[in-house]
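1. here are the coordinates; sequence isn't available:
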Ligand code: UD1
């Protein structure tokens with residue numbers, strides 16, 4: 001997927017079935033290493049970040065089989081202690097989860113570099129402090145990190161400096177097979193952290209306090225294989241809800257957990273967007289238009305940083321007057337999409353960690369996806385704007401949106417993906 005050509009300005013109407021969560025799938029796929037057994041995953045999204053994670057596992061010796069009906073079987077018994085290829089690890093942020101998983105299984109983990117979106121500094125100091133608490137030593141040479149410990153790791157108390165999703169997940173994975181109790185304070189409460197805990201517990205781990213800021217992991221000598229269903233992707237769902245609002249709707253996202261979308265739905269309601277919710281669906285429509293609002297991103301249950309760019313795009317194409325703003329508190333440099341929106345004539349200005357938006361009629365343009373969610377934001381703006389826009393570097397968007405062309409066409413979008 002290199003380029004998306006959009007003929008925008010059409011009203012989008014229909015239903016989108018949301019796939020499994022990328023950010024839940026990655027820690028679970030790598031966390032599976034601790035089981036040393038066979039796991040079968042359903043609803044594993046076929047997005048490039050997940051395919052890359054499977055490729056990393058394959059390089060480490062895992063046997064992967066795509067089953068009929070869409071399930072994926074991973075045999076972790078053949079994983080060996082080795083250094084995975086740098087070119088694969090540096091493509092995805094989730095490769096950091098190899099550290100916790102390989103450390104607790106083999107006493108040694110090497111990560112030749114981790115990638116993901118360029119959102120400013122993304123240190124892993126909290127992961128490493130936690131591993132040190134569990135008895136490991138870390139060595140960093142350039143991009144490469146090696147952590148080593150004699151097994152078993154020993155449970156400890158860790159207070160994270162911030163509720164980091166990555167550090168919470170990595171330490172839960174490492175502590176699952178440690179000796180004794182590990183307490184993670186200031187833990188992240190994101191649904192994908194809870195999903196990892198559900199997976200580990202089904203595999204025999206003992207984890208309490210999930211969804212609160214204090215998670216306790218009581219280590220067990222061994223985990224075992226499980227069948228696991230990946231939770232719905234709240235960011236994919238949120239992106240289509242923004243699209244429903246920007247392009248009139250109604251757009252219904254189904255097979256979702258509405259409670260994961262509460263912060264977005266509250267904000268959309270404030271903006272005058274109509275929201276209808278059922279047990280496993282949410283519908284957004286804006287037949288009479290909508291106005292901007294002010295949002296601040298933060299750790300769950302606050303407004304998710306991964307929906308910040310899409311929200312800015314939604315503000316930029318609002319049809320009622322009045323300024324809006326998004327204040328970003330999680331990642332310092334999540335504004336690279338703003339310059340691209342300006343190519344469409346958008347009135348967006350970034351000062352410090354806040355982007356201010358005054359809605360305007362935009363014009364079609366050629367744009368470059370700066371990162372995954374920034375690319376999704378451009379797609380929303382292009383679909384809401386009359387004329388032919390092109391989005392290059394679309395591989396960024398493919399990292400997180402499954403069956404994008406099919407889903408967009410299903411709600412009436414005129415898009416071609418090359
Ligand atoms: C994960 C998600 C990403 C999402 C983010 C926040 C994956 C693969 N990625 O990223 O899509 O935007 O959660 O919901 O799941 N930090 C440190 N030191 C650390 C760890 C984090 O300073 O050791 C900082 C980060 O730079 C950032 C903040 O803490 O400013 C939050 O990061 P974190 O929650 O860890 O995000 P990721 O796990 O990288």
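-> Perfect, I can see it now. Model, not experiment: these values are computed from the prediction.

2. Would you indicate which residues of stretch 331-351 are buried?
-> Neighbour counts over stretch 331-351 (16 or more other Cβ atoms under 10 Å) mark 331, 334-338, 340-341, 343-344, 346, 348, 350 as buried. For the C-beta atoms, the positions are set from N, CA and C on the backbone; glycine is no exception.

3. who's in contact with the closest residue to the ligand within the chain?
-> Residue nearest to the ligand within the chain: residue 166 (2.7 Å; Cβ to the nearest ligand atom). Counting by Cβ atoms under 8 Å, 6 or more residues apart in numbering, residue 166 touches 93, 96, 97, 124, 127.

4. Quick check on it: phi, psi?
-> The phi/psi pair for residue 166 (degrees, to the nearest 10) reads phi -60, psi -50.

5. that older thread, need the contacts of residue 166 in a markdown table (columns: neighbour count and secondary structure).
-> Compiled in a markdown table, the contacts of residue 166 are given as follows (neighbours: other Cβ atoms under 10 Å; DSSP: H, G, I helix; E, B strand; the rest coil):
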| residue | neighbour count | secondary structure |
| --- | --- | --- |
| 93 | 20 | helix |
| 96 | 25 | helix |
| 97 | 29 | helix |
| 124 | 21 | coil |
| 127 | 26 | helix |
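
6. pLDDT and distance to the ligand for those - can I get that in a markdown table?
-> Supplementary listing: the contacts of residue 166 in a markdown table, determined by pLDDT from 0 to 100; distance: Cβ to the nearest ligand atom, whole Å:
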| residue | pLDDT | distance to the ligand |
| --- | --- | --- |
| 93 | 93 | 4 |
| 96 | 97 | 7 |
| 97 | 98 | 8 |
| 124 | 95 | 5 |
| 127 | 98 | 5 |
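
7. the helices in the protein, which residues?
-> 22-31, 48-59, 86-89, 97-106, 125-133, 165-176, 191-202, 234-246, 262-270, 308-316, 336-343, 372-383, 395-398, 404-410 (DSSP state H).

8. Now tell me what touches the third one from outside.
-> I take that to be helix 86-89. Here helix 86-89 has contacts from 52, 55-56, 59, 95, 98, 111-115, 143-144, using Cβ under 8 Å, 6+ apart.

9. returning to what we had before: out of the buried residues of stretch 331-351, what pair is the most spread apart?
-> 331 and 344 (23.2 Å; Cβ to Cβ).

10. What parts of the stretch 51-200 of the chain come near the ligand?
-> 93-94, 121-127, 162, 164-167, 188, 190 (Cβ under 6 Å from any ligand atom).

11. Tell me the one of those nearest residue 18?
-> The closest of those, once distances to residue 18 are taken by Cβ to Cβ, is residue 190, at 16.5 Å.

12. Need the nearest residue in space to the closest one, chain neighbours excluded.
-> Spatial nearest neighbour of residue 190, excluding adjacent residues (Cβ to Cβ, 6 or more residues apart in numbering): residue 300 at 4.3 Å.

13. how much space is there between that neighbour and residue 282?
-> 17 Å (Cβ to Cβ, to the nearest Å).

14. Those two: which is more packed in?
-> Using other Cβ atoms under 10 Å, the more surrounded residue of residue 300 and residue 282 is residue 282, with 27 against 20.

15. what's across from the more buried one in the sheet?
-> For residue 282, the beta-bridge partners under DSSP bridges are residue 253, residue 277.

16. Might one say that it is in contact with residue 276?
-> Yes. Counting by Cβ atoms under 8 Å, residue 276 is a contact partner of residue 282 at 7.3 Å.

17. Relative to residue 224, which of the helices of the chain is closest?
-> If you check each of the helices of the chain against residue 224 by Cβ to Cβ, helix 191-202 wins as the nearest, at 9.2 Å.

18. could you give the angle of the closest one to helix 22-31?
-> Per axes from the mean of the first three to the mean of the last three Cα atoms, to 10 degrees, the angle that helix 191-202 makes with helix 22-31 is 30 degrees.

19. Wait, residue 36 touches residue 74, no?
-> No. Residue 36 lies out of contact with residue 74 (Cβ under 8 Å); the separation is 11.4 Å.

20. Give me the more crowded residue out of those two.
-> residue 74 (23 against 17).

21. List the residues that contact the more buried one.
-> The contact partners of residue 74, by Cβ under 8 Å, 6+ apart, come to 29, 32, 38, 39, 40, 41, 54, 57, 62, 63, 64, 65.

22. can you list contacts of stretch 191-200?
-> Against stretch 191-200 from outside (Cβ under 8 Å, 6+ apart): 21, 23-24, 27-28, 31-32, 34, 165, 168-169, 172-173, 176, 187, 205, 207, 210-211, 215, 223, 226, 228, 230-231, 234, 257, 260, 300.

23. Return the members of these classed as buried.
-> Applying 16+ other Cβ under 10 Å to these flags 21, 23-24, 27-28, 31-32, 34, 165, 168-169, 172-173, 176, 187, 205, 207, 210, 215, 223, 226, 228, 230-231, 234, 257, 260, 300 as buried.

24. Write the ChimeraX selection for whichever of the contacts of helix 86-89 are buried.
-> Restricted to buried positions by 16+ other Cβ under 10 Å, the ChimeraX selection for the contacts of helix 86-89 reads:
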select :52,55,56,95,98,111,112,113,114,115
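
25. tell me the least confident of the contacts of helix 86-89?
-> Of all the contacts of helix 86-89, residue 115 carries the smallest pLDDT score, 78.
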